[in-house]
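S.K.: got a sequence here, can you build the structure:
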Amino acid sequence: MEYLLQVKICALFGLLVLTLFFGFIPARLKWFRNPNGTERDRTILSLISCFAGGVFLAACLLDIIPDYLSDISSELDVRQVETSFPLPEFIIAAGFFTVLIVERIALNCRELRGAPGEREPLIPEVRNHGHGHGHGANPEVENSGHHIHIDFQAHSSFRSFMLFLSLSLHSLFEGLAIGLQNTESKVLEICVAIVVHKSIIVFSLAVKLVQSGVPPLWLAAYVGVFAMMSPVGIAIGISVMEAQLSSGALIQAVLEGLAAGTFIYITFLEILPHELNSSGKQLLKVLFILLGFGIMAALTFLG
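M.R.: The predicted structure follows:
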């Protein structure tokens, strides 16, 4: 077995193990699931959630969208496609509206069946007593006297799944980038960057899934599948290199665009409103959003 292939296989297993480790920290610790702890515990959970929001914002603006625009532009140039229509941006918008339409249909069907859990508005109505929830909020949290925005009903299971799906697609393409490299140094360079980046992402994803009330078995499945996406991408890249195939790059770029549109929807209409629509410690919450964004921006700058 040639040395380059050995390096790629080591990267495959290393990414899998480290992603599972960081993903199962929020999943395994009951502290992350407890909405009735002390005020200090609830504040820490809220700030961790804000940090995760900053991470997702940076991933959206500094990672997913730039990668997609670069890939789609390269593919259009290779195929000598010239148009004044903003096709790359239109593909992103298609991903955005696909999620919007599917979610509205899903919520409408659940409402017709009388299921109250998914009826929460995306941006909850602000009531006079300063709470930013809809009527489906956890009453124990509402009545605790210290309003920290960690209710389990604010995220629908559909939105949690779409967040997981968009991140998983992007993770698959990251792994594909490793598998398609032809030098050992480049494989190691990209792998180290992805390990650091993905460890923060999977931790933040697991926190969001926990706070969305996803059942433990489903949460384990989400984290497990997400952890496998980069290794699967590496394996696909290795197969393409071994088979000397060059097709499919345009399809990958289009899928990246749809994933980017999905992520824009989740980030700006779900995660950030969820964190900022509650009263109390607003400046501290903004600080932690900036902290999450800043760390990811620094990693991008160094990477």
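S.K.: how about stretch 54-66 as PDB, C-alpha atoms only?
M.R.: What follows is the C-alpha trace of stretch 54-66 in PDB, where atoms were taken according to Å, rounded to 0.1, in the frame of the first residue of the first chain:
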ATOM      1  CA  GLY A  54     -21.600  32.200  16.600                       C
ATOM      2  CA  VAL A  55     -19.900  29.000  15.400                       C
ATOM      3  CA  PHE A  56     -22.700  28.300  13.000                       C
ATOM      4  CA  LEU A  57     -22.800  31.900  11.800                       C
ATOM      5  CA  ALA A  58     -19.000  31.800  11.000                       C
ATOM      6  CA  ALA A  59     -19.400  28.400   9.300                       C
ATOM      7  CA  CYS A  60     -22.100  29.800   7.100                       C
ATOM      8  CA  LEU A  61     -20.400  33.000   6.100                       C
ATOM      9  CA  LEU A  62     -16.700  32.100   6.200                       C
ATOM     10  CA  ASP A  63     -16.700  28.400   5.200                       C
ATOM     11  CA  ILE A  64     -19.700  26.900   3.500                       C
ATOM     12  CA  ILE A  65     -20.700  29.800   1.200                       C
ATOM     13  CA  PRO A  66     -17.100  30.700   0.100                       C
END
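S.K.: now do stretch 176-187: everything it contacts.
M.R.: In this structure, residues lying in contact with stretch 176-187 by CB atoms under 8 Å, 6 or more residues apart in numbering are 3-4, 7-8, 11, 190-191, 194, 230, 233-241, 252. (Glycine included, C-beta is placed from N, CA and C.)
S.K.: please identify the buried residues of that stretch?
M.R.: Buried positions in stretch 176-187, judged by neighbour count with 16 or more other CB atoms under 10 Å: Leu176, Ala177, Ile178, Gly179, Leu180, Gln181, Val187.
S.K.: could you do stretch 187-199 as well?
M.R.: Neighbour counts over stretch 187-199 (16+ other CB under 10 Å) mark Val187, Leu188, Ile190, Cys191, Ala193, Ile194, Val195, Val196, His197, Lys198, Ser199 as buried.
S.K.: pretty sure the fourth one contacts Leu16?
M.R.: No. If you go by CB atoms under 8 Å, Cys191 and Leu16 don't touch, sitting 11.9 Å apart.
S.K.: so which residues of the protein form helices?
M.R.: Using DSSP state H, the helices of the chain run over 3-28, 39-58, 65-78, 87-112, 139-142, 157-179, 184-211, 216-243, 249-266, 272-276, 282-302.
S.K.: now do the last one and helix 39-58, the angle between them.
M.R.: Translated: helix 282-302. Between the direction of helix 282-302 and that of helix 39-58, the angle (axes from the mean of the first three to the mean of the last three CA atoms, to 10 degrees) works out to 40 degrees.
S.K.: what mean pLDDT does helix 282-302 have?
M.R.: Throughout helix 282-302, pLDDT has a mean value of 89.
S.K.: circling back: any of the contacts of stretch 176-187 buried? List them.
M.R.: Buried positions within the contacts of stretch 176-187, assessed by neighbour count (16+ other CB under 10 Å), are 4, 7-8, 11, 190-191, 194, 230, 233-238, 240-241, 252.
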